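S.K.: Starting from these lines, generate the structure:
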Amino acid sequence: MRTTKHGGAQLPRRYGRIPLALLAVGVVVCLAVALLGRGDAAPDTADVSVTAAKASVPIDAGTADATTRATRPRVTSPPPRRTAAAASKPPAGTRSPRVAPSTPTPSRRATSSTPRTTYTESLAGRIKPGVRYRGVATAYEAADGNGACLYGPADDMMIAAMNETDYESAKACGAHVLVRAANGASITVRIVNVCPLPCAPGQLDLSQEAFAKLAELSVGRLPITWTLLSPAASGTISIRYKDGSSQWWCGIQAIGHRNPLATLEVRTANGWRKLQRTGYNYFLSPDGSGCGRAIRITDIYGQRLTIDGLAVKPDVKQSTRVQFAQH
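M.R.: Below is the predicted model:
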């Protein structure tokens, strides 16, 4: 096998006349150039290794490339989402615009201590002011006008029984509703009774006297719409203790209120106590707490009336001098 000995290589004949010193200088120059060339290659290798290292780092969501990542902090968790409430806040340093209340504040007071206000969803229950309800009207023999609300005989037979769903455990008792028939006739009735199932939501069972104002009784079922009213003409409210009431137990009822009643409270040694309403339209104090003391009633508009000086007189209707404001 042929080998090449670099150290003992002989020069071609055409270089034989070149002085040995000059040849030595040329060899040194060539070696220097070779060494410089190898030194230039080192930075290129370093750059490639750095680039490869960057490419191995996971890319954060929303970043464009490795260069962008190198100039911004790495996000280890998603930023918090703005809620609708936060989005509606004005920027820092700015004043919020003044917004007028959704309902005007009336200047007239029903009593010296309680301002007139607007109703709230929690107080109104199922039957709400300003809402038109659709259903059918039927008729029943109302006799003397007494019913599940236990108001007693009615002075005016323009009365009705509310379907059990909208009756809502006596919340509808005493409400005045304007009933309109498809033929254009209308009548205002007061709720004094409940119409049990199968009476459907929206249905009103009118006294025969009231139904006759809208159509012939032979019609049977009459399509209607109805809305809650706050009537202009109304007397004062009366309070009645249920028969059997005493200082140990009592049931209290309000009669003749212009607007539907939301709550009834009695004053106790520990302050006002809200009584539970029954389906027969009395508010009960099972341990006698507050019986015979001051009574506070609130309508669905939030107006409160305080009644003092009523003794426990079972089954006696005691008149007061107060009434809820008209809405």
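
S.K.: part of a strand, is residue 218?
M.R.: No: under DSSP: H, G, I helix; E, B strand; the rest coil, residue 218 sits outside any strand and is assigned helix.

S.K.: and the protein, what are its domains?
M.R.: Taking automatic domain parsing as the reference, the chain has its domains at 126-229, 238-319.

S.K.: quick check: mean pLDDT across the shortest one?
M.R.: Throughout domain 238-319, pLDDT has a mean value of 97.

S.K.: how long is it end to end?
M.R.: The straight-line separation of the ends of domain 238-319 (CA to CA, to the nearest Å) is 4 Å.

S.K.: With the longest one instead?
M.R.: For domain 126-229, the separation between the terminal residues is 15 Å (CA to CA).

S.K.: next one: phi and psi at residue 295?
M.R.: Here is the backbone geometry of residue 295 (degrees, to the nearest 10): phi -120, psi 140.

S.K.: what about the spatially closest residue to it that is not a sequence neighbour, how many neighbours?
M.R.: In this structure, residue 295 finds its nearest non-sequential neighbour in residue 307, 4.6 Å apart by CB to CB, 6 or more residues apart in numbering. Every C-beta, even on glycine, is put in place using the N, C-alpha and C of the backbone. Here the count is done by other CB atoms under 10 Å, and residue 307 has 17 residues near it.

S.K.: thinking again about what came up before, Serialize the domains of the chain to JSON lines and add fields for distance to residue 327.
M.R.: Supplementary listing: the domains of the chain in JSON lines, determined by distance: least, CB to CB, whole Å:
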{"stretch": "domain 126-229", "distance to residue 327": "7"}
{"stretch": "domain 238-319", "distance to residue 327": "6"}
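
S.K.: quick one, phi psi at residue 298?
M.R.: Main-chain dihedrals, residue 298, degrees, to the nearest 10: phi -130, psi 130.

S.K.: and the gap between residue 165 and residue 264?
M.R.: For residue 165, the distance to residue 264 equals 23 Å [CB to CB, to the nearest Å].

S.K.: Do I have it right that residue 301 meets residue 260?
M.R.: No: using CB atoms under 8 Å, residue 301 makes no contact with residue 260, being 9.2 Å away.

S.K.: ok, what's across the strand from residue 227?
M.R.: Note on residue 227: beta-bridge partners by DSSP bridges are residue 178.

S.K.: what residues are up against residue 208?
M.R.: Residue 208 sits next to 139, 140, 141, 142, 217 when contact means CB atoms under 8 Å, 6 or more residues apart in numbering.

S.K.: farthest pair in these?
M.R.: Of all pairs drawn from the contacts of residue 208, the greatest distance, 12.9 Å, lies between 142 and 217 (CB to CB).

S.K.: Quick check: closest non-adjacent residue to residue 230.
M.R.: Take residue 230 and drop its neighbours on the chain: the residue closest to it by CB to CB, 6+ apart is residue 327, 4.1 Å away.

S.K.: now swap in residue 179 and tell me
M.R.: For residue 179, the nearest residue in space outside its immediate sequence neighbours is residue 226; the separation is 4.6 Å by CB to CB, 6+ apart.

S.K.: hey, what's the residue lying closest to residue 319 once chain neighbours are set aside bridged with?
M.R.: Among residues not flanking residue 319 along the chain, residue 238 sits closest, at 5.2 Å (CB to CB, 6+ apart). On the basis of DSSP bridges, residue 238 is bridged to residue 255, residue 319.

S.K.: where do the helices sit along the protein?
M.R.: Counting by DSSP state H, the chain has helices at residues 20-55, 66-70, 84-87, 121-124, 164-167, 208-211.

S.K.: measure residue 178 to residue 292 for me?
M.R.: Between residue 178 and residue 292 the distance, using CB to CB, works out to 38 Å.

S.K.: Let me see the mean pLDDT of stretch 194-202.
M.R.: Summarised as a single mean, pLDDT over stretch 194-202 is 96.

S.K.: Could you give the number of residues near the closest residue to residue 316 other than its chain neighbours?
M.R.: The shortest distance from residue 316 to any residue that is not its chain neighbour, by CB to CB, 6+ apart, is 6.5 Å, and that residue is residue 240. Residue 240 has 22 neighbours, counted by other CB under 10 Å.

S.K.: Between residue 301 and residue 260, which has more neighbouring residues?
M.R.: residue 260 (25 against 22).
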